[in-house]
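S.K.: Kindly return the folded structure for what I paste below:
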Amino acid sequence: MSNTRELLEKVSGNTINTSNTNPGGISMGGGGILKPRQANRFIDYLFDQSVLMKTARVVRMSAPSVEIDKVDIGNKIMRKATEGTDDGANANPTFSKISMTTVKLRLDWELSSESLEDNLEGPDLEDHIARLMATQAGNDIEDVLINGTGTSTGLLSAFKGFRQLALDNAHVVDANGQGLDKAVFNLAIKTLPRKYKQRRNQLRFFTGSNLVQYYLYNLTSMSSTSFNPFDLASGVVRGDVAANDGGPGTVTPFAFGIPVINVPLMDETRTGDYSSPSGLHGDLHLTFPQNFIIGIKRDVTVYRLFQPKKDTIEYTLFIRVGCAMENYDAHVIVKNIKVSGSTGGSFGSVTHGANVLGGSGTYTF
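M.R.: Numbering: from 1, shown residues only. All right, here's what the predicted structure looks like:
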């Protein structure tokens, strides 16, 4: 009996059947859909090392598609009142829906009978490999959630991730090859509409590991272009800044009072799309963590099948994943940040996506 079954039982807290009931390998009778509680526990295990899953809004879906209700009450709805007069104006909330559709993803692996017989772990190797596969599956899913393009081929073509959604719809700032220093953070904050700064303590910066590292380098250099006195005051006077370990998902010293979250799977190998780019580039996001919506269909399907002609055991896992953003107007993405940290060149343009202030309008800071 496979230890993979024991693994899933440990994760789910229930007894499930993932063994092959057909030695001839003709049918897939050895797998099935996990029960809701099992699936929820398995999803928890699958994303144990995910950064975004711990901060974003996660919707565990019971259907492939879901519509999330959204309400907007508008701006400046108060009016001057005139005694004994009804001006006939009413502030009516606007209702809309956020549509999110999941895409089916799969993970396949196989083990030969020799590998199970001849290794030092013996039958425990099957359990070990299953855990490694689940961990890597979590990393791959987070990769497509962040960097998915919805085009071309490969895993990233499954659907548009948060980066592409932000570039298409949110406030877009072009760093034009600038390194990640206080000027980049400053422009991102200034680009965010003022009404969202009412909840400034809930805002977060999200960026990749190498850009975080350069920001930490800037903080230690104490130069006039990079040093942020606000952070020194926070650490020395108030003592409210997390350690500078820069680990995945941790907070580095704040940028103007807003925590900077290290997300290692944010791609920092981009060429850059400004005039005469050189080197590698990454992005910086400024938004509320709950603005990221991750949809996971709770039906996780796992199959285990013995193939007698190959003398191997094949494993196949299916899961459905999708993502959306709740409010594009509350999201700023700074692109073309040079990973090497070169500060040559000035900032480029600030543009607004299709779902920000009517799309083509400009915003006055």
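
S.K.: R60: what secondary structure?
M.R.: Put simply, R60 is strand when judged by DSSP: H, G, I helix; E, B strand; the rest coil.

S.K.: pretty sure it is touching D299, no?
M.R.: No - applying CB atoms under 8 Å as the test, R60 and D299 come out as separate, 10.4 Å apart. Quick note: C-beta positions are derived from backbone N, CA and C, even for glycine.

S.K.: Compare these two and say which is more crowded by neighbours.
M.R.: In this comparison of R60 against D299, neighbours counted by other CB atoms under 10 Å, the higher total goes to D299 at 17 against 14.

S.K.: any idea which helix or strand carries that one?
M.R.: Of the helices and strands defined by DSSP states H and E, D299 is found in strand 292-307.

S.K.: Sheet-wise, list the partners of that strand with their directions.
M.R.: With DSSP bridges as the criterion, the sheet partners recorded for strand 292-307 are strand 32-33 (antiparallel), strand 57-61 (parallel), strand 312-325 (antiparallel).

S.K.: quick check, distance from the second one to the centre of its chain.
M.R.: For strand 57-61, the gap between its own C-alpha mean and the chain's C-alpha mean amounts to 13 Å (CA atoms, centre = their mean, to the nearest Å).

S.K.: Any buried residues in that strand, and which?
M.R.: Neighbour-count burial for strand 57-61, counted by 16 or more other CB atoms under 10 Å, picks out V58, V59, M61.

S.K.: tell me which of those is nearest to S278?
M.R.: Ranking the buried residues of strand 57-61 by separation from S278, with CB to CB as the measure, puts V58 on top at 38.6 Å.

S.K.: Leaving out chain neighbours, which residue sits closest to the closest one?
M.R.: When the adjacent residues along the chain are set aside, V58 lies closest to I294, with 5.0 Å between them (CB to CB, 6 or more residues apart in numbering).

S.K.: R57 is in contact with the one you found, correct?
M.R.: Yes - with contact defined as CB under 8 Å, I294 and R57 form a contacting pair (7.0 Å).

S.K.: Need phi/psi at V103.
M.R.: The phi and psi values for V103, taken as degrees, to the nearest 10, are phi -120, psi 140.

S.K.: Check L125 too.
M.R.: Phi and psi for L125, reported as degrees, to the nearest 10, are phi -60, psi -40.

S.K.: number of nearby residues for it?
M.R.: Other residues within reach of L125 by the criterion other CB under 10 Å amount to 17.

S.K.: Burial check on the spatially closest residue to it that is not a sequence neighbour, number of neighbours?
M.R.: Once flanking residues are discounted, L125 sits nearest to N119: 4.9 Å by CB to CB, 6+ apart. Number of residues near N119 (other CB under 10 Å) recorded here: 14.

S.K.: Okay, the residue located most distally from the centre of the chain and M78: tell me how far apart.
M.R.: Centroid-distance maximum for the chain: G84 at 53.5 Å, with CA atoms, centre = their mean. Going from G84 to M78 by CB to CB, to the nearest Å gives 19 Å.

S.K.: next one: T316
M.R.: Remark: distance between T316 and M78 (CB to CB) = 58 Å.

S.K.: Please say which of these two ends up with more neighbours.
M.R.: Summary of the neighbour comparison: T316 and M78, criterion other CB under 10 Å, with T316 having more neighbours (16 against 6).

S.K.: Done for today, thanks.
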